[in-house]
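*Asks:* Got a sequence here, can you build the structure:
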Amino acid sequence: MSKLSTTTNADWLHIPHAGELLASEFMEPLDLDCPALAQAIAVDPARLHAIIEGTERVDGELDLRLARYFRMSEGFFLGLQSDCELREAKRALNGELDRIVPRAA
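*Replies:* Numbers count the residues shown, from 1 in each chain. Below is the predicted model of the structure:
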């Protein structure tokens, strides 16, 4: 087996969290810093910084504020958060899910 297949396996690639995507895909292109965004959406800059650093999660309230500001659909940022958490959980289970036999209907 080629070593290349291991490095391109989606289960082992970097999993960006919601805050990382917020910074790289929304804030950086608009040259928007954390204090300015925090002020625009009326949240504590320290909280927003923690989201960007990945030490806090996006919750429903923050999702609504960010979605409104960036003209995205409600739940968009929560979806990013959930996608990241699901991928991390799947990676942590390391194939354990494959041993679970789905129940027949």
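
*Asks:* Residues in contact with the single longest helix found in the chain: which ones?
*Replies:* In terms of residue count, the longest helix belonging to the chain (DSSP state H) is helix 76-93. Applying C-beta atoms under 8 Å, 6 or more residues apart in numbering, the contact partners of helix 76-93 are 11-12, 15-18, 21-22, 57-60, 62-63, 66-67, 97. For every residue, glycine as well, the C-beta is placed using N, CA and C.

*Asks:* One more pass at 10 Å, please.
*Replies:* 10-13, 15-22, 25-26, 51, 54, 57-60, 62-67, 70, 72-73, 75, 96-97, 99-100 (C-beta atoms under 10 Å, 6 or more residues apart in numbering).

*Asks:* From those, keep the buried residues only.
*Replies:* 15-22, 26, 51, 57-58, 62-63, 65-67, 70 (16 or more other C-beta atoms under 10 Å).

*Asks:* show me the contacts for the most centrally placed residue in the chain.
*Replies:* Nearest residue to the geometric centre of the chain (C-alpha atoms, centre = their mean): Ala18, 2.4 Å. Residues near Ala18 by C-beta under 10 Å, 6+ apart: 51-52, 54, 56-58, 62-63, 66, 76-85.

*Asks:* what's the distance between it and Pro29?
*Replies:* The spacing between Ala18 and Pro29, counted by C-beta to C-beta, to the nearest Å, is 17 Å.
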